[in-house]
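> Task: produce atomic coordinates for the following.
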Amino acid sequence: MSTLTQPRKRLFVAILLPTDAQADLDEYVDGLRTAHSELRWVPPAHWHVTLEFLSDCGPHETERQIERWTERAQRCGPIQLALAAGGAFPHTWRARVLWAGLSGDLSMWSRLAGNGQQPHVTLARSRQVADLTGPVDGLSAYTGPSWIVDHVALVESHLRRGAGDRGPRYEPLELLALGRPT
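Predicted coordinates for the structure are as follows:
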């Protein structure tokens, strides 16, 4: 297949959550899911911290992004992070997205992330603009286990198009190590 006919890929770069951090947050938000069943909750297997959304990329652009992010990751050392508290976009009282925040070495995270990114994990979405003060308050006391981020992932987002499908499917394409190789 020529590069002109190869499909474009919807890509983003993210920090994937370790199993223990994912399980801890999943257990914590279980009560929130029950109390706020009107929200569309993101499955824990889809939780990640987006560093940069790259949009639709053809084969050459995908390779260029892998090279770009390999270099970028090598300029940044490992980062200690933890999931903590939460919020809503764009405003708690008028929101569509509920998220968990991050704590830890956020200055190093900022060096790595794309411009304008806010460190968060999307937990749920609302079909309508809603007041999410209750669930945000429910997340305010949360502090999860810390972990060391030593790589980032280039991820392809496959949009679901079937009648029973819910949300996208994410496929990590490349894991890129933080720090210089030894």
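
> Residues touching stretch 30-45, excluding its own?
Applying C-beta atoms under 8 Å, 6 or more residues apart in numbering, the contact partners of stretch 30-45 are 22-23, 25-26, 29, 98, 122-127, 130, 134-135, 138-139, 166-167. Using the backbone N, CA and C atoms, a C-beta is placed for each residue, glycine as well.

> Pull out the buried positions in that stretch.
32, 36, 39, 41-42, 44 (16 or more other C-beta atoms under 10 Å).

> In ChimeraX, select just the buried ones from the contacts of stretch 30-45.
The ChimeraX command for the buried members of the contacts of stretch 30-45 (criterion: 16+ other C-beta under 10 Å) is given here:
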select :22,25,26,29,98,122,123,124,125,126,130,135,138,139
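
> From the contacts of stretch 30-45, which land in strands?
Among the contacts of stretch 30-45, the ones falling in strands (DSSP state E) are 98, 122-127, 130.

> any idea which of those is the one closest to residue 150?
Using C-beta to C-beta, the shortest approach to residue 150 within the ones in strands among the contacts of stretch 30-45 belongs to residue 122, at 23.0 Å.

> Contact partners for the closest one?
Contacts of residue 122 (C-beta under 8 Å, 6+ apart): 42, 47, 97-99.

> what's the farthest-apart pair in the residues you listed?
It's 47 and 97 that sit farthest apart of the contacts of residue 122, by C-beta to C-beta, at 13.1 Å.

> Looking at those two, which has the bigger crowd around it?
Comparing residue 47 with residue 97 by other C-beta atoms under 10 Å, the one with more neighbours is residue 47, at 20 against 17.

> Where do the strands of the chain begin and end?
When secondary structure is read from DSSP E, the chain shows strands at 9-16, 40-41, 48-57, 79-91, 94-104, 120-130, 143-149, 151-158, 169-177.

> Pairing partners for the second one, with directions?
What that stands for is strand 40-41. Looking at strand 40-41 with DSSP bridges, its partner strands are strand 120-130 (antiparallel).

> Centre of the chain to the partner strand, how far?
13 Å (C-alpha atoms, centre = their mean, to the nearest Å).

> same question, stretch 126-139
Relative to its parent chain, stretch 126-139 has a centroid offset of 19 Å by C-alpha atoms, centre = their mean.

> Look at it and report the distance between its end residues.
Using C-alpha to C-alpha, to the nearest Å, one end of stretch 126-139 lies 17 Å from the other.

> begin at 51 from here
Shifting the count to begin at 51 puts that one at stretch 176-189.

> contacting residues around it?
Contact with stretch 176-189 is made by 78-79, 81-82, 85-86, 88-90, 135-138, 142-148, 150, 174, as judged by C-beta under 8 Å, 6+ apart.
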